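1. Sequence and predicted structure are below.
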Amino acid sequence: MKFNGFNEKPVKFMLENGLNVELIYAPTLQTYVEYDVPLGSIHTAYKIGNKTHQLKPGIAHFLEHMMYMMKDHDAFEQFHKLGVIANAMTTYRQTTYGVIGHKNMLEATLYLLEMLETTNFTGERVQAEKSIIKEEIAMYDDEVDTIVQKKMFDQLIYEHPIKYEITGRKSDISIISAKDLQRVFDHFYTSDKRQLLILGPIDVEQFKHALLNYESLITKTKHPVILNNDEPKSIKSREEIYHLKINVGVFNMGIKCILDTKEEKVLFKTELYMLFLMRMLYDTSTNFQEQMSALNLMIDGFNFNLILEDETLIFMMDVESDHSFDLKKHVLNQFFSTDNKDLTKEAFIALKKAYLGHFMMALDDIENRLFLYGKYQLNGISLEEAFNLLDGITYQDILDFKASITKDMFSFSHFIKNDQNS
């Protein structure tokens, strides 16, 4: 399968304020603007010169909310007047601001730059936003899915920030101050690793001229040195039982694997190895799932969740089951069996073909394509390289990766109905 990139080559340049710009002409119905700041929830400490700074958990997401507060209005109001849609999100590694529309896009882009260079971090505004974010956190705290995931994180992880929500915890949010927000803005929102990506039916020369002549409010700074999040190789707890008010019990399995490299291409491939392996062993099309369903040991299929940040890989899968301990035995036997009818080369070839198809289909969504393009670029690989890495995975890679996983990397949690004996 051949990778399909952008039809037109991006026009790249850097503004005096350190912003990396890429303009990509495309005959789309709308224009897509994406502004990426290389600051996410896994960044907990950094250095500038010889001075080390700590980042309070949740501050990247908090800052995302605060940036829409202009001096005398809400930025969303101005975007609405321009007839465009504005949005934003914070991930483990970046904060992304977007604007989508089919008119006034140059004006909307320049306003986005102004918004992201303007701070209004007053004590009153910070306090008001704390209440909003705490309500956002509370929305998910009591959900069974959230509880199941958090408990497994607690069993697997000691200190790595992926164990916490990107929003932070209520206790984290309480101690963030206007001074904290301004410092983080000064160090990351002026970074020379920021990027502005614009794709659509634009007049490239007009956009380039307007951006190069934009009078910025900030001065370029060198991106801070991000400090490592060190995490022990061992898991915290092998197995736990929890009693909850639920209609059906839940079985959850977690695997923790600490890699010995931060090289992005290796991390990307390792994430794919784990996804391929676990889908070949436990997905809906496997003999295993058919057998477990026939034995009434599980309801529906497994939910998969994989996170790989820094050198820490966490895989979790959960399923509704009132026979959690019996299911655990079968799950382990399926993984460590030397004669597995699901882990075949034919199954690998079919799965790889499906993944390559899904990758290309995901790029059909223009907004998603631009986000993936920017995400991979911030992490040091191109969208085409990501496709080629996926295309280059072999059946032997999966078998070799499986051989590196040992029983001491596994953890299990059993969520039992209050009226059920464990």
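-> Nice, thanks for sending it over. Numbering: from 1, shown residues only.
2. Show me the protein divided up by domain.
-> Domain assignment for the chain by automatic domain parsing gives 11-226, 239-417.
3. Would you reformat the ones you listed as a markdown table and include mean pLDDT?
-> Below are those laid out as a markdown table (pLDDT from 0 to 100):
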| stretch | mean pLDDT |
| --- | --- |
| domain 11-226 | 95 |
| domain 239-417 | 95 |
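4. How about stretch 152-168, which residues are buried there?
-> 152-153, 155-157, 160-168 (16 or more other C-beta atoms under 10 Å). Any C-beta I mention is one placed from the backbone N, CA and C, and that applies to glycine too.
5. All the strands of the stretch 301-422 of the chain, residue numbers only.
-> 312-320, 410-417 (DSSP state E, counting those that start in this stretch).
6. could I get these as TSV with mean neighbour count and distance to residue 350?
-> Converted to TSV, the strands of the stretch 301-422 of the chain look like this (neighbours: other C-beta atoms under 10 Å; distance: least, C-beta to C-beta, whole Å):
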stretch	mean neighbour count	distance to residue 350
strand 312-320	22	20
strand 410-417	21	27
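7. Let's have those strands in JSON lines, adding distance to residue 19.
-> Below are the strands of the stretch 301-422 of the chain laid out as JSON lines (distance: least, C-beta to C-beta, whole Å):
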{"stretch": "strand 312-320", "distance to residue 19": "31"}
{"stretch": "strand 410-417", "distance to residue 19": "43"}
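8. Which one, of the ones you listed, ends up nearest to residue 241?
-> With C-beta to C-beta, the closest approach to residue 241 among these belongs to strand 410-417: 4.9 Å.
9. Pull up the pairing partners for that closest one, direction included.
-> The strands beside strand 410-417 in its sheet (DSSP bridges) come out as strand 239-244 (parallel), strand 250-258 (antiparallel).
10. Mind putting those strands into CSV with mean neighbour count and distance to residue 145?
-> Formatted as CSV, the strands paired with strand 410-417 follow (neighbours: other C-beta under 10 Å; distance: least, C-beta to C-beta, whole Å):
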stretch, mean neighbour count, distance to residue 145
strand 239-244, 14, 12
strand 250-258, 22, 9
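11. nearest to residue 196, of these?
-> Across those, closest to residue 196 is strand 250-258 (C-beta to C-beta), at 35.3 Å.
12. For the helix or strand where residue 172 lies, buried residues please.
-> Taking DSSP states H and E as the criterion, residue 172 maps to helix 170-174. Going by neighbour count (16+ other C-beta under 10 Å), the buried part of helix 170-174 is 172, 173.
13. which helices and strands does that helix pack with?
-> Where contact means 3 or more C-beta pairs under 8 Å, 6 or more residues apart in numbering; DSSP states H and E, helix 170-174 is packed against helix 123-141.
14. Give me the buried positions along the helix it packs on.
-> Here helix 123-141 shows 126, 129, 130, 133, 134, 137 as buried, counting by 16+ other C-beta under 10 Å.
15. How about stretch 192-209?
-> In stretch 192-209, counting by 16+ other C-beta under 10 Å, buried: 193, 194, 195, 196, 197, 198, 199, 200, 202, 207, 208.
16. if we look at that stretch, which residues are touching it?
-> Stretch 192-209 has contacts (C-beta atoms under 8 Å, 6 or more residues apart in numbering) with 6, 11, 13-14, 18-28, 30-38, 105-106, 109, 113, 211, 220-223, 366, 370, 373-374, 377-378.
17. The residues you listed, buried ones only, as a PyMOL selection?
-> The buried subset of the contacts of stretch 192-209, as determined by 16+ other C-beta under 10 Å, is captured in PyMOL by this line:
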select buried, resi 6+18+19+20+21+22+23+24+25+26+30+31+32+33+34+35+36+37+38+105+106+109+113+211+221+223+366+370+373+374+377+378
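18. mind listing which of the contacts of stretch 192-209 are in strands?
-> 11, 13-14, 20-25, 31-37 (DSSP state E).
19. which one of those residues sits closest to residue 313?
-> residue 36 (23.9 Å).
20. I'd say that closest one and residue 374 touch.
-> Yes - when contacts are counted by C-beta atoms under 8 Å, residue 36 is listed as touching residue 374 (5.1 Å).
21. Need the residues touching each of those two.
-> In contact with both residue 36 and residue 374: 96, 195, 197, using C-beta under 8 Å, 6+ apart.
22. can you list those in TSV and add distance to residue 84 and secondary structure?
-> Below are those laid out as TSV (distance: C-beta to C-beta, whole Å; DSSP: H, G, I helix; E, B strand; the rest coil):
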residue	distance to residue 84	secondary structure
96	16	strand
195	20	strand
197	16	strand
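23. Next, the distance between the ends of stretch 33-50.
-> This stretch, stretch 33-50, spans 36 Å end to end (C-alpha to C-alpha, to the nearest Å).
24. How many residues are close by residue 355?
-> 17 (other C-beta atoms under 10 Å).
25. give the contact list for it.
-> For residue 355, the contact set (C-beta under 8 Å, 6+ apart) comprises 272, 275, 276, 390.
26. could I get the domains of the chain as TSV with distance to residue 232?
-> Shown next, in TSV, are these (distance: least, C-beta to C-beta, whole Å):
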stretch	distance to residue 232
domain 11-226	5
domain 239-417	8
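27. before we move on, the earlier item: among the strands of the stretch 301-422 of the chain, which comes closest to residue 266?
-> Taking those one by one with C-beta to C-beta, strand 312-320 is closest: 11.2 Å.
28. CA atoms only for the closest one, dumped as PDB, please.
-> C-alpha atoms of strand 312-320 as PDB (Å, rounded to 0.1, in the frame of the first residue of the first chain):
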ATOM      1  CA  THR A 312       7.100   3.700  30.000                       C
ATOM      2  CA  LEU A 313       4.600   1.400  28.200                       C
ATOM      3  CA  ILE A 314       1.400   0.600  29.900                       C
ATOM      4  CA  PHE A 315      -1.200  -1.800  28.400                       C
ATOM      5  CA  MET A 316      -4.600  -2.500  30.000                       C
ATOM      6  CA  MET A 317      -7.500  -4.500  29.000                       C
ATOM      7  CA  ASP A 318     -10.800  -5.000  30.800                       C
ATOM      8  CA  VAL A 319     -14.000  -6.800  30.300                       C
ATOM      9  CA  GLU A 320     -17.300  -7.400  32.200                       C
END
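29. Fine, thanks again, bye for now.
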